[in-house]
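1. Next one to model:
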Amino acid sequence: MAVQTDTGVSRRVVVDTSVYSLDTVKKAAYRFLDRFAGDFSVNGNQIICSLTFQRGAADAAADAIVQDFQRELLDQDLREKVAAETAPIRNAILALAFSSVATPRGE
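-> Numbering: from 1, shown residues only. This is a model prediction of the structure:
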């Protein structure tokens with residue numbers, strides 16, 4: 001949905017909460033703070049992302065950034081899943097690393 005406002009061009013992106021979490025949406029939007037301001041609300045199983053672009057942004061540029069935002073959503077979601085899947089291994093490595101530091105040598 002394209003809207004022209006006093007402050008610039010706006011877009012509305014609707015995200016299904018069964019696909020992406022609100023945290024994932026916020027992390028993706030954070031990567032675009034230099035290009036748009038985001039306002040988020042949850043309505044049932046939808047996250048409504050209202051994106052307002054900088055003054056003077058062209059419609060075509062806003063559409064391209066929205067596509068980049070949608071790709072970033074997938075990237076952030078996959079990063080979150082990989083982090084959750086590898087957490088036990090990462091924690092074991094950290095525990096081993098710090099246990100050898102905590103044990104005085106020669107004992």
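2. Give me the distance between the helix of greatest length in the chain and the centre of its chain.
-> Looking across the chain with DSSP state H, the single longest helix is helix 59-102. Centroid displacement of helix 59-102 relative to its chain, using Cα atoms, centre = their mean, to the nearest Å, is 10 Å.
3. what helices or strands is it leaning on?
-> Judged by 3 or more Cβ pairs under 8 Å, 6 or more residues apart in numbering; DSSP states H and E, the packing partners of helix 59-102 are strand 8-16, helix 22-30, strand 46-53. Backbone N, C-alpha and C define where each C-beta goes, glycine included.
4. Distance to residue 95 and mean neighbour count added to those, as CSV?
-> Converted to CSV, the helices and strands packed on helix 59-102 look like this (distance: least, Cβ to Cβ, whole Å; neighbours: other Cβ atoms under 10 Å):
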stretch, distance to residue 95, mean neighbour count
strand 8-16, 36, 17
helix 22-30, 26, 18
strand 46-53, 36, 18
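5. So for residue 55, what's the pLDDT?
-> We have a pLDDT of 84 for residue 55.
6. Verify the contact between it and residue 10 for me.
-> No - using Cβ atoms under 8 Å as the test, residue 55 is too far from residue 10 to be in contact (11.6 Å).
7. residues near the residue nearest to residue 48 when sequence neighbours are not counted, how many?
-> Spatial nearest neighbour of residue 48, chain neighbours left out: residue 41 (4.8 Å); criterion: Cβ to Cβ, 6 or more residues apart in numbering. Other residues near residue 41 number 10, with proximity taken as other Cβ atoms under 10 Å.
8. Please spell out the segments of this protein that come in under the pLDDT threshold.
-> 1-7, 100-107 (pLDDT under 70).
9. measure residue 14 to residue 60 for me?
-> In this view, residue 14 and residue 60 are 21 Å apart by Cβ to Cβ, to the nearest Å.
10. Next: residue 15.
-> Using Cβ to Cβ, residue 15 is found at 23 Å from residue 60.
11. what does stretch 21-32 rub up against?
-> Here stretch 21-32 makes contact (Cβ atoms under 8 Å, 6 or more residues apart in numbering) with 15, 36, 38, 40, 42, 47, 49, 51, 65, 68-69, 72-73, 75-77, 80.
12. Perfect, I'm done here.
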